[in-house]
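**Student:** Need a 3D model of the sequence below.
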Amino acid sequence: MPSEKIPEKGSISGFEPPWFYAAEESSLKEGKLLHVEPGGRNVLLLKAEGQIHAFTNICPHARCPMDRGRLEEFTLTCLCHGRRFDVRTGKCLNDSLELKRYEWKLEGDKIGVKIEE
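**Tutor:** Below is the predicted model of the structure:
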């Protein structure tokens, strides 16, 4: 799902850089994986046990897209090579890898993701 393009200043979304609109909270379903591109970045949004999480959408092991993976409770599994990540921490359960986490905030129904250089 492509993300909305946000003007630099006076944004109707209420987000200004380094915050970018990512998705409507209502489009983020429990246990589902949502690929978005706020600020041109490849981001994975998900909701586990009612909590929103935002990560890079690229597995640090083999650079596979994480939105093609599987989420069970708090464990996100990359379908390429089976790396499993705890979505509460981003840490890999198989080895020392870690998914990059993005800070996010909710304004009304809009999810904003902080994208810094």
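**Student:** Please count neighbours and contacts with C-alpha atoms only from this point.
**Tutor:** OK.
**Student:** what about the nearest residue to E107 once chain neighbours are set aside, which helix or strand?
**Tutor:** Once flanking residues are discounted, E107 sits nearest to G14: 7.7 Å by Cα to Cα, 6 or more residues apart in numbering. Counting by DSSP states H and E, no helix or strand carries G14.
**Student:** Quick one, grab the pLDDT at G14.
**Tutor:** Among the per-residue scores, G14 shows a pLDDT of 78.
**Student:** for K91, same thing?
**Tutor:** Predicted confidence (pLDDT) at K91: the value is 98.
**Student:** Could you measure from the residue lying closest to it once chain neighbours are set aside over to L106?
**Tutor:** Sequence neighbours aside, E98 is the residue nearest to K91 in space, at 4.4 Å (criterion: Cα to Cα, 6+ apart). Note on E98: its distance to L106, by Cα to Cα, to the nearest Å, is 24 Å.
**Student:** quick one: which of these two has more around it?
**Tutor:** Neighbours per residue (other Cα atoms under 10 Å) separate E98 from L106, with E98 holding more: 17 against 14.
**Student:** quick one: contacts for the more buried one?
**Tutor:** With contacts defined as Cα atoms under 8 Å, 6 or more residues apart in numbering, the neighbours of E98 are P60, F85, G90, K91, C92.
**Student:** That one and W19, how far apart?
**Tutor:** Taking Cα to Cα as the measure, E98 falls 23 Å from W19.
**Student:** can you count the residues close to the residue nearest to E107?
**Tutor:** Residues near G14, counting by other Cα under 10 Å, number 15.
**Student:** same deal with the one 3 residues further on?
**Tutor:** Residues near P17, counting by other Cα under 10 Å, number 16.
**Student:** Same question for E25.
**Tutor:** E25 has 17 neighbouring residues, counting by other Cα under 10 Å.
**Student:** Just to check, it is in contact with K105?
**Tutor:** No - because the distance of 10.5 Å does not satisfy Cα atoms under 8 Å, E25 is recorded as not touching K105.
**Student:** Show me the shaky parts of the chain.
**Tutor:** Scanning the chain for pLDDT under 70 picks out 1-13.
**Student:** rewinding a little: quick one, phi/psi of the residue nearest to K91?
**Tutor:** Recorded main-chain torsions at E98 are phi -150, psi 140, according to degrees, to the nearest 10.
**Student:** Okay then, goodbye and thanks.
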